[in-house]
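A.B. asks: Structural data only, the sequence is not supplied:
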């Protein structure tokens with residue numbers, strides 16, 4: 001139960017949800033691309049990506065001066081979260 005609570009807590013942050021939604025669509029991207037798409041600073045996005053990586057949602061690879069991330073879709077929790085994040089409508093905006 002503790003692990004489940006931690007996963008929900010990780011996914012409950014608005015910025016991390018935006019990062020996850022982006023990654024569910026794109027599959028992989030570098031920090032700068034994600035930051036630009038979300039309108040956030042590289043430092044902010046990098047912080048959230050590290051948290052998601054450290055908890056098994058993503059894997060990272062350094063390419064030159066950039067760090068690129070790939071979504072790990074193997075877990076049932078990630079599959080469930082993808083369905084939820086990508087199907088929920090927020091206000092007048094479809095996601």
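C.D. replies: Structure's in. What do you need? Just so we're clear, the structure is a prediction, and the values are computed from it rather than from any experiment. Numbers count the residues shown, from 1 in each chain.

A.B. asks: what's the helix or strand for the residue positioned nearest the centre of the chain?
C.D. replies: The centroid of the chain falls nearest to residue 20 when counting by C-alpha atoms, centre = their mean (2.6 Å). For residue 20, the host element (DSSP states H and E) is helix 14-26.

A.B. asks: now residue 67
C.D. replies: strand 66-71.

A.B. asks: Kindly report the same for residue 59.
C.D. replies: Residue 59 belongs to strand 58-63, assigned by DSSP H and E.

A.B. asks: helices or strands up against that strand?
C.D. replies: helix 42-54, strand 66-71 (3 or more C-beta pairs under 8 Å, 6 or more residues apart in numbering; DSSP states H and E). In this view, the C-beta of every residue, glycine as well, is placed from N, C-alpha and C.

A.B. asks: Looking only at it, what residues are buried by neighbour count?
C.D. replies: Of all the residues in strand 58-63, those buried under the rule 16 or more other C-beta atoms under 10 Å are 58, 60.

A.B. asks: Which strands border that strand, and is each parallel or antiparallel?
C.D. replies: When pairs are called by DSSP bridges, strand 58-63 turns out to pair with strand 66-71 (antiparallel).

A.B. asks: Could you pull out the buried residues of the partner strand?
C.D. replies: 67-69, 71.
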